[in-house]
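Chemist: Structure for this input, please:
(chains A and B)
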There are 2 protein chains.
Amino acid sequence: MKETILKLLKNAAPSYLSGEEMAAKLKTSRTSIWKSIKLLQKSGYNVEGSPRRGYRLLEIPDLLYPAEISEGLQTKIIANRPNLIHHFMQVDSTNNRLKLLAEEGAPEGTVVIAEEQTAGKGRLGRSWLSPGGKGIWLSFLLRPPKPMEEISVFTLLTAVAVANALKNKLPDIEAGIKWPNDILIQDRKVCGILTELKAEADRLHYLVTGLGLNFNFTRSDFTPELKNSATSIFAGDGSHLLSRKEMAGEILREIDVIYQKYLTVGTDDILVQWKAQNVTLGKTITLKSLGGSFSGKALDIDKYGALIIAGPGGERRRFVAGEIIAQEVPK
Amino acid sequence: MKETILKLLKNAAPSYLSGEEMAAKLKTSRTSIWKSIKLLQKSGYNVEGSPRRGYRLLEIPDLLYPAEISEGLQTKIIANRPNLIHHFMQVDSTNNRLKLLAEEGAPEGTVVIAEEQTAGKGRLGRSWLSPGGKGIWLSFLLRPPKPMEEISVFTLLTAVAVANALKNKLPDIEAGIKWPNDILIQDRKVCGILTELKAEADRLHYLVTGLGLNFNFTRSDFTPELKNSATSIFAGDGSHLLSRKEMAGEILREIDVIYQKYLTVGTDDILVQWKAQNVTLGKTITLKSLGGSFSGKALDIDKYGALIIAGPGGERRRFVAGEIIAQEVPK
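Modeler: Down below sits the predicted model:
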């Protein structure tokens, strides 16, 4: 009901809509219309009520409500209906929350979005700074009928989706993917991706992928350790150019398109797109992996997303996991 | 205390040991010795008490108690101390129980053994018949610092360990491994293995591997659906030849040895041993996988344990997962 009234008000805005008219349209009482308006106001929607003219919507809150994000989303799998999006003002971690939903049988395409994470997680057991309203903190659930072998491709998929979404919405920002799945702007990290999964040796149960995209951070929002390595799309309030909800919707749309293509034709397209947008291949890098550090020239990624590096003597090594701790910066 | 007294009684058996002597040795009272004897009797140990001669151990119960299994185990990682073995008279599933322990931070090498599983699990979402005292139902926990790519090798590792244990203890039984990890005796399944895991895309959290080895089933213990496809090491009571606890200990020892070797030198040895004991390669088979059924000659397994099949036209296909639903029976 609340959602339907919101839609009516949005369509009518900036004009007024009378409570009587809405009540008639929705076959309900004016009191119940009034109650829903109260709920909308409580959710942050600035709805003005006038005794004679009715109600009108003046302002939509800058919050990632399902009704806002799913508007015009037109995805096939990811958040393909509003009730697949679970929105929280605060969670420990969107991945943790989504894993609980997955354990309860949540369908593929379920999304968890939070305004703030109190214990946001990064790769390699690290934490991820996720203050309220400053970024897009979301996780999505996939249940692909695919073998474990192809899992590493999923972190690439998400990186490609975020890079595409940035390019679509903010073509002037030059973002690139650092292997395997960090998104950098001017050599600083703007987005991190963490994929977690449950499986049998030969059967995947589910994949939960979380992404943290820094959106409205000012420099002082970053901790001292992050000041030199992290960045944000906008410094402070970027909502005059693009809102978080538009960006979140664009990312979900991109994930949906790439995932569908993956299901029908395989991993090729992901790899091609990843290569086109990466900033690692061709550079001299140092990779820290379980077996220690290795330096050399990043040559290519193979069909599993593994990084191929040529050492100083020309010897080639293949890495399925690891972290690039030093990467030659483009002049 | 109970465990120490059990050891003293075992060492003395079939002779008596006086309560006074034990109390002196353990620096405790005769009453506390008597209490521990009562506990042992309650656990199924037949301890005879004689007012003048003391206590003697007449019979050890046919139960998979940690104290029984860990005796002489001498493993380095798997159940390398008695308190890593968790024994239950009944659980839903040893894998489920061990996953709970893993989530609470249980160390690598933790083992769950149950006399009976009420909801034993098999591969591909199937159930596994696990009546009390009829088999070895156990799961073990690994936290290998290895990439996801090598995970499929772990189901092979366990199959090799069970096949080795059978060969060591019962050389007259001809057991073989059917790809990927069923153990067959005369073309009927005697053991199944289920590996479950939690991970990030490039970091394994833990592996829980469960095995069900049919030990003392009579034909009537099997359900009608299993009568023609399943078998048991012994038909009825095989404890005169080998006890369940000896077999369980041997399996844990084999897992320990193979796992250590894997950590130090890699997967080669597992693959060599798997090939030496398999009954699939060289046969004409039909494999059911996510993509449908495929028939042909099973040629080889690759370094990831994937099965290579040559189709009727000679075309080679590689399968990382699937189930062999028909396999040419040796004449």
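Chemist: Does residue A:282 touch residue A:296 like I think?
Modeler: No - with contact defined as Cβ atoms under 8 Å, residue A:282 does not count as touching residue A:296 (11.9 Å). In short, each C-beta sits where N, CA and C put it, glycine included.
Chemist: neighbour-wise, which of those two wins?
Modeler: Taking neighbours as other Cβ atoms under 10 Å in any protein chain shown, residue A:282 and residue A:296 compare with residue A:296 leading, 19 against 13.
Chemist: what sits opposite the more buried one in the beta ladder?
Modeler: residue A:285 (DSSP bridges).
Chemist: who's in contact with it?
Modeler: For residue A:296, the contacting residues are A:284, A:285, A:309, A:310, A:311, A:312, A:317, by Cβ atoms under 8 Å, 6 or more residues apart in numbering or on different chains.
Chemist: Weed out the non-buried ones from these.
Modeler: For the contacts of residue A:296, a neighbour count by 16 or more other Cβ atoms under 10 Å in any protein chain shown gives the buried set as A:285, A:309, A:317.
Chemist: Which pLDDT value goes with the first one?
Modeler: If I follow you right, that is residue A:285. What the model reports as pLDDT for residue A:285 is 95.
Chemist: Tell me if I'm right that it and residue A:324 touch.
Modeler: Yes - distance between residue A:285 and residue A:324: 5.1 Å, which falls inside the contact criterion (Cβ under 8 Å).
Chemist: Residue A:251 and residue A:186: what is the separation?
Modeler: Going from residue A:251 to residue A:186 by Cβ to Cβ, to the nearest Å gives 21 Å.
Chemist: Of those two, which one has the most company?
Modeler: Comparing residue A:251 with residue A:186 by other Cβ under 10 Å, the one with more neighbours is residue A:251, at 26 against 12.
Chemist: at contact distance from chain B, anything in the one helix or strand the more buried one maps to?
Modeler: Element membership of residue A:251, judged by DSSP states H and E, is helix A:244-265. No - Helix A:244-265 is not in contact with chain B by Cβ under 8 Å from any Cβ of the partner chain; minimum separation 11.6 Å.
Chemist: for the record, mean pLDDT for that helix?
Modeler: Confidence over helix A:244-265 (mean pLDDT, whole number) is 96.
Chemist: Check stretch A:268-279 too.
Modeler: 96.
Chemist: re the thing from before, of the buried ones among the contacts of residue A:296, closest to residue A:234?
Modeler: The shortest approach to residue A:234 among the buried ones among the contacts of residue A:296 belongs to residue A:285, at 29.1 Å (Cβ to Cβ).
Chemist: okay, now the residue in the stretch 1-150 of chain A that chain B sits nearest to: neighbour count?
Modeler: Per Cβ to the nearest Cβ, residue A:147 is where the stretch 1-150 of chain A lies closest to chain B, at 4.3 Å. As a burial measure, residue A:147 scores 20 neighbours (other Cβ under 10 Å).
Chemist: which residues touch it?
Modeler: Taking Cβ under 8 Å, 6+ apart, one finds A:202, A:204, B:290, B:320, B:321 in contact with residue A:147.
Chemist: what's the farthest-apart pair in those residues?
Modeler: Taking Cβ to Cβ as the measure, the contacts of residue A:147 span a maximum distance of 11.3 Å, between A:204 and B:320.
Chemist: Mutual contacts of those two, please.
Modeler: Common contact partners of residue A:204 and residue B:320 (Cβ under 8 Å, 6+ apart): A:147, A:148.
Chemist: Just the C-alpha atoms of stretch A:229-245, please, in PDB.
Modeler: Extracted in PDB, the C-alpha atoms of stretch A:229-245 (Å, rounded to 0.1, in the frame of the first residue of the first chain):
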ATOM      1  CA  SER A 229      45.300   4.100  -0.900                       C
ATOM      2  CA  ALA A 230      41.500   4.700  -1.000                       C
ATOM      3  CA  THR A 231      39.300   7.100  -2.900                       C
ATOM      4  CA  SER A 232      35.700   7.900  -3.500                       C
ATOM      5  CA  ILE A 233      33.700   8.700  -6.700                       C
ATOM      6  CA  PHE A 234      32.700  12.000  -5.300                       C
ATOM      7  CA  ALA A 235      34.400  14.000  -2.600                       C
ATOM      8  CA  GLY A 236      31.500  14.800  -0.400                       C
ATOM      9  CA  ASP A 237      28.000  15.100  -1.800                       C
ATOM     10  CA  GLY A 238      27.800  14.000  -5.400                       C
ATOM     11  CA  SER A 239      24.100  13.700  -5.500                       C
ATOM     12  CA  HIS A 240      23.800  16.700  -7.800                       C
ATOM     13  CA  LEU A 241      25.500  14.600 -10.500                       C
ATOM     14  CA  LEU A 242      24.300  11.100  -9.700                       C
ATOM     15  CA  SER A 243      22.500   9.600  -6.700                       C
ATOM     16  CA  ARG A 244      23.600   6.400  -4.900                       C
ATOM     17  CA  LYS A 245      20.400   4.700  -5.900                       C
END
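Chemist: Mind listing what's buried along that stretch?
Modeler: A:230, A:231, A:232, A:233, A:234, A:238, A:243, A:244, A:245.
Chemist: now it, how far from the centre of its chain.
Modeler: Here the centre of stretch A:229-245 is set off from its chain's centre by 14 Å, with Cα atoms, centre = their mean, to the nearest Å.
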